[in-house]
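Peer 1: The sequence and its predicted three-dimensional model are supplied below.
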Number of protein chains: 2
Amino acid sequence: MESSATNFRELCQQHGIAVTHQRQVLFEIMQGMHGHPSPEEVYARVKKKIPAISLATVYKNIHLFVESGIFREVSMHHGTLRVEMNSRPHHHMVCSMCKSISDIDEADLGLLPSHQKLPGGFLVERYAVDVIGICPDCQAKKSN
Amino acid sequence: MESSATNFRELCQQHGIAVTHQRQVLFEIMQGMHGHPSPEEVYARVKKKIPAISLATVYKNIHLFVESGIFREVSMHHGTLRVEMNSRPHHHMVCSMCKSISDIDEADLGLLPSHQKLPGGFLVERYAVDVIGICPDCQAKKSN
DNA sequence: TAGTAAACGATAATTCTTATCGTCTGTCAA
DNA sequence: TTGACAGACGATAAGAATTATCGTTTACTA
C-alpha cells in the first residue's frame, strides 16, 4: 500500500505544484476533517503540527487546491450577500468560468423533488439547485 | 389596479414593519432589478433617488426584507470560504434555522439530472443541490 | 550544488458587513 | 390633530474575512 506522502507527491506532480511541508500537512489534515471547515478552523488544526504556519499560507493553499481541482468549493456563489427577487419557482445556472448566475424556471430544469423526509430525519422545505457549467458567452470564448 | 405604494404599505402592515420613504424606494428599486445584485449595486441605484441614504440603511433593510420573507437570499451557505473534501457524488442538506450543512449521497436524494443542455445553451457540468429544511436537532428544539 | 522561480511568514491593506450613537420620523392612542 | 415613544435614519467606527506586499527561505532543474 502506498503511503499518503507518496500520493500527495504524485498529486502535486500531476498538477505542477511544488511539494512543501506546509502544503502536505495542510492537505492531510483537510482530508481528515469532516464537514465543511472554514479556513480559520483548518488553520487552528494545522497550527498544532506547524506552530509557525501563517494564516495567509492556509488561504493561499486552499485556493491552490481548489484551483487545481483537488478540493472543491461548497458554494460557487459570490462571497457577498445576494438577494433573490424572482418569486417564481426557479433555480440557478452558475457559470464555472465567469461565475455569472442566471435563473432557470423549475419546469425547464426537468428535476423534481421526490421525498419529503430524507435519511437522518431532515425535514425538507425546498430544493435549491445550482446547475454548474459553461454559459453561452464563455463557451464562445473557449472555442476561440 | 392598485398602486405599488398601496401594495408596499399593505406588505409592511402584514409584516409589522414601518413604512418609510427609504424603505419604499429601496423595495421598488430592488423589485425592478434583474439578476442578483449585491448590496453595493442596490445602494448605487437607490442613491440616485435618495442621495442622502446610508449604505447601512440599505444593509439593514435588505436583511429586514429577507427576515420578513419578502425577498430571499440566493445562498444559504456561510459567508466564509468552505471547502468540500467529500469526493463521493453528494449534495447538501442546509438547515434554515441553524444554517448547518450536512452531506447526502446523490443516490439517497432521489433526484437525477435529465438534460445536458438547458434553455439558452447553457452546457451542464454538474448539479449542486441544496436541500433546505429543518435538521433533526432544530426539529427537536422547535417542538419544545 | 548553484540559480531561479515559487513558497513562506509577518503584517498591512482591502473589502464586506455590523455596531454604535445621536437625531429624526412613523405609529398609535388620546 | 397631537404628543410620546419605539423604531428608523445617517454618519461613521469597528469588526471579520480575505488578499496583497515584501523580504527571506525553500524546492526544483540543470
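Peer 2: Noted; the coordinates are in hand. Residues are numbered from 1 along each chain as shown, chains lettered A, B, ... in the order given.

Peer 1: if I read this right, A:Q139 contacts B:L123, doesn't it?
Peer 2: Yes - A:Q139 is within contact range of B:L123, at 6.0 Å (criterion: Cβ atoms under 8 Å). Where C-beta positions appear, they are placed from N, C-alpha and C, glycine not excepted.

Peer 1: Who has more neighbours out of those two?
Peer 2: B:L123 (18 against 15; other Cβ atoms under 10 Å in any protein chain shown).

Peer 1: Can you verify the more buried one is assigned to a helix?
Peer 2: No - B:L123 sits outside any helix when classified using DSSP: H, G, I helix; E, B strand; the rest coil, being strand.

Peer 1: Beta-bridge partners for it, please?
Peer 2: Under DSSP bridges, the beta-bridge partners of B:L123 are A:I134, B:K117.

Peer 1: Residues contacting stretch A:78-85, please?
Peer 2: A:99, A:101, B:30-31, B:33, B:36-40, B:42, B:59, B:62, B:65-66, B:71-75, B:79, B:81 (Cβ atoms under 8 Å, 6 or more residues apart in numbering or on different chains).

Peer 1: Please list only the buried members of those.
Peer 2: A:101, B:30, B:36-37, B:39, B:42, B:62, B:65, B:71-75, B:81 (16 or more other Cβ atoms under 10 Å in any protein chain shown).

Peer 1: Mind checking which of those residues are in helices?
Peer 2: B:M30, B:P39, B:V42, B:I62, B:F65 (DSSP state H).

Peer 1: Would you mind giving the residues you listed as JSON lines with distance to B:A128 and pLDDT added?
Peer 2: Below are those laid out as JSON lines (distance: Cβ to Cβ, whole Å; pLDDT from 0 to 100):
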{"residue": "B:M30", "distance to B:A128": "26", "pLDDT": "96"}
{"residue": "B:P39", "distance to B:A128": "24", "pLDDT": "96"}
{"residue": "B:V42", "distance to B:A128": "26", "pLDDT": "97"}
{"residue": "B:I62", "distance to B:A128": "24", "pLDDT": "97"}
{"residue": "B:F65", "distance to B:A128": "26", "pLDDT": "96"}
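
Peer 1: quick one, what contacts A:T57?
Peer 2: Neighbours of A:T57 in contact, by Cβ under 8 Å, 6+ apart: A:Q22, A:L26.

Peer 1: so how far is B:E67 from it?
Peer 2: 38 Å (Cβ to Cβ, to the nearest Å).

Peer 1: same question, A:L123
Peer 2: With Cβ to Cβ as the criterion, A:L123 and B:E67 are 21 Å apart.

Peer 1: so is A:V131 in a helix, a strand, or just coil?
Peer 2: Per three-state DSSP, A:V131 ends up strand.

Peer 1: I'd say it and A:H92 touch.
Peer 2: Yes - assessed by Cβ under 8 Å, A:V131 is found in contact with A:H92 at 6.9 Å.

Peer 1: Common neighbours of these two, please.
Peer 2: In contact with both A:V131 and A:H92: A:I104, using Cβ under 8 Å, 6+ apart.

Peer 1: hang on, A:L26 is in a helix, isn't it?
Peer 2: Yes - using three-state DSSP, the assignment for A:L26 is a helix.

Peer 1: shouldn't it be in contact with A:K47?
Peer 2: No - contact between A:L26 and A:K47 fails when scored by Cβ under 8 Å: they sit 10.7 Å apart.

Peer 1: and those two? which has more neighbours close in?
Peer 2: A:L26 (25 against 14).

Peer 1: what's near enough to touch the more buried one?
Peer 2: A:V42, A:V46, A:T57, A:V58, A:N61, A:I62.

Peer 1: between those residues, which is nearest DNA strand C?
Peer 2: Nearest to DNA strand C among those is A:T57, at 3.0 Å by Cβ to the nearest atom of the strand.

Peer 1: That closest one: what secondary structure?
Peer 2: helix.

Peer 1: tell me the pLDDT at it?
Peer 2: You'll see A:T57 listed with a pLDDT of 98.

Peer 1: Report the separation between it and B:M85.
Peer 2: 18 Å.

Peer 1: Likewise for A:T20?
Peer 2: 20 Å.

Peer 1: The two - which one has more neighbours?
Peer 2: B:M85 (17 against 12).

Peer 1: domains of chain A?
Peer 2: A:4-68, A:90-143 (automatic domain parsing).
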